[in-house]
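> A predicted structure for the sequence below; I have some questions about it.
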Amino acid sequence: MRWHAVRGFIYAPTNWSLMSDDGAFTYNGGKVSPGERQNIRYGISETYLGDPIRIPVTIINGQRPGPTAFLSAAAHGDELNGIEVVREVAHEWDLTDLAGTLVCLPVLNVPGFLAQQRYLPIYDRDLNRSFPGREGSTSAKRMAYRIYTNFIAPCDFGLDFHTSTRGRTNMLHVRADMTDIEVHRLALAFGTNVILDTDGSDGTLRGEATKAGIPTITIEMGEAHRFQRQLIDEALAGVESVFAEYELLEQHTVRWPGWRTIITGDRQKTWIRADVGGIVDMHHDRGALVHEGDVICTITNPFKNDNITVTAPFTGLMVGILENPVVYPGNPLCHLVELGGRTKRVVELEQSPATADAT
Ligand SMILES: [Zn+2]
């Protein structure tokens, strides 16, 4: 195992010690030996009719030793983009040279997925606030516990894919606790332009796994209820880059996204909210750079008079925007994050070369 240096940090060679002596991946009820792959439907709960609720899991144990990584999606049942990312890695990638083990969990929240809704339909619980879970507790925590103990706890790091909440959309970005050196390494390796530096809330898969020493990042991409091919391809490139960094697949290289900004707590970032109810005419797409005073959107009434314009309070990147164009007062319109001077100029150049040349 070689030493890694990323942006001045030196990472010690990791001791991939959680695997059993013979290199097999084990979970309650099964074992996947080196060179094997298994598709499992693993019971995590039961329906009102007493039928099993089972999550799909694919475990691929490479011929060669290496880290164990989980890729998970649809902890929120209607967030679909990540499902396709995880399925393509598990079932379409050539993994014959894999050094390590992949635990692929394309649909964590099966009841939510079946109902095409964010939360577990049982008392509207958020599965992604229920980790690491507990036996003998609520239904959500029991499900989280089954998932966590069998498929998350044995891993060395993880990628958890999400989208924006229904009715909004996000540019592809990573959320990670950049104060954790191993999370920092993972977040940079994914290679997105934007990293939001936040510690995961209590009960989130990212927050709880990271706390337990399994560095985990969240990838936010697009909107709910959709497969968005361009974002899926971008995310797959991020997974390739992570696999290169951790030497799971050696033929890939770690990618540099062209520019990168890490949004820390001291940087301005805000959800701009509507102060009036109405129908929204959004003037920009997700990922657009807007300058202070630029019109972000117009809020109109049914008669198209007395239009209200909403302007950018500072120059920043529109990381998330409203997609369903209707608001009550207080509803979010746009997630705007400030950019540092140098990054701002690079993004200006990328988005409107003519304007940038003139300044
Ligand atoms: Zn989510």
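Nice, thanks for sending it over.

> and residue 56, bridged to which residues?
Beta-bridge partners for residue 56, by DSSP bridges, are residue 41.

> tally of neighbours for it?
If you count neighbours by other Cβ atoms under 10 Å, residue 56 ends up with 18. Heads up, the C-betas are built off the backbone N, CA and C, glycines and all.

> again, but for the one 4 residues further on
Other residues within reach of residue 60 by the criterion other Cβ under 10 Å amount to 22.

> how about it, what does it touch?
32, 37, 90, 95, 98, 101-102, 104 (Cβ atoms under 8 Å, 6 or more residues apart in numbering).

> apply 6 Å and report the result again.
Neighbouring residues of residue 60 by Cβ atoms under 6 Å, 6 or more residues apart in numbering: 37, 95, 102.

> tell me, how many residues neighbour the second one?
Applying other Cβ under 10 Å, we find 19 residues neighbouring residue 95.

> that one: what's it in contact with?
Here residue 95 is in contact with residue 60 (Cβ under 6 Å, 6+ apart).

> how far away is it from residue 104?
10 Å (Cβ to Cβ, to the nearest Å).

> excluding chain neighbours, what is closest to residue 182?
residue 215 (4.0 Å; Cβ to Cβ, 6 or more residues apart in numbering).

> ditto for residue 166
residue 224 (4.4 Å).

> now residue 240
residue 252 (4.6 Å).

> you'd agree residue 223 is up against residue 162?
No - counting by Cβ atoms under 6 Å, residue 223 does not reach residue 162; the two are 10.9 Å apart.

> let me see the ranges of the helices in the chain.
Secondary structure of the chain (DSSP state H): helices at 81-91, 110-115, 139-147, 181-190, 205-211, 229-245, 341-351, 353-358.

> now tabulate those helices in CSV and tack on mean neighbour count.
Formatted as CSV, the helices of the chain follow (neighbours: other Cβ atoms under 10 Å):
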stretch, mean neighbour count
helix 81-91, 22
helix 110-115, 19
helix 139-147, 22
helix 181-190, 22
helix 205-211, 24
helix 229-245, 20
helix 341-351, 15
helix 353-358, 10
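
> nearest to the ion, of the ones you listed?
The ion lies closest to helix 81-91 among these, at 8.8 Å (Cβ to the ion).

> what is that closest one packed up against?
strand 64-73, helix 229-245 (3 or more Cβ pairs under 6 Å, 6 or more residues apart in numbering; DSSP states H and E).

> buried sites along the shortest one?
Judged by neighbour count using 16 or more other Cβ atoms under 10 Å, the buried positions of strand 64-73 are 66-73.

> show me which of the residues you listed is closest to the ion.
residue 73 (9.3 Å).

> give the contact list for the closest one.
Neighbours of residue 73 in contact, by Cβ under 6 Å, 6+ apart: 82-83, 86, 106, 161.

> show me which pair in the residues you listed is furthest apart.
106 and 161 (9.1 Å; Cβ to Cβ).

> up against the ion, what does the stretch 51-200 of the chain have?
76, 79, 162 (Cβ under 5 Å from the ion).

> and the gap between the spatially closest residue to residue 31 that is not a sequence neighbour and the ion?
For residue 31, ignoring the flanking residues on the chain, the nearest one in space by Cβ to Cβ, 6+ apart is residue 24 at 5.0 Å. Distance, residue 24 to the ion, by Cβ to the ion, to the nearest Å: 32 Å.

> residues near residue 24, how many?
Neighbours of residue 24 using other Cβ under 10 Å come to 15.

> give me the number of residues near the residue nearest to residue 166?
The burial count for residue 224: 22, using other Cβ under 10 Å.

> isn't it up against residue 167?
No - applying Cβ under 6 Å as the test, residue 224 and residue 167 come out as separate, 8.0 Å apart.

> any stretches of the stretch 1-150 of the chain with poor pLDDT?
Within the stretch 1-150 of the chain, the segments meeting pLDDT under 70 span 1-21.

> name the residue of it that lies nearest to the ion.
Counting by Cβ to the ion, the stretch 1-150 of the chain gets nearest the ion through residue 76, at 3.6 Å.

> who's the residue sitting nearest the centre point of the chain bridged to?
When Cα atoms, centre = their mean is applied to the chain, the residue found nearest the centroid is residue 219 (1.9 Å). Beta-bridge pairing of residue 219 under DSSP bridges involves residue 161, residue 174.

> contacts only, for it.
161, 174, 235.

> distance of it from the ion?
Where the ion is concerned, residue 219 sits at a distance of 10 Å (Cβ to the ion).
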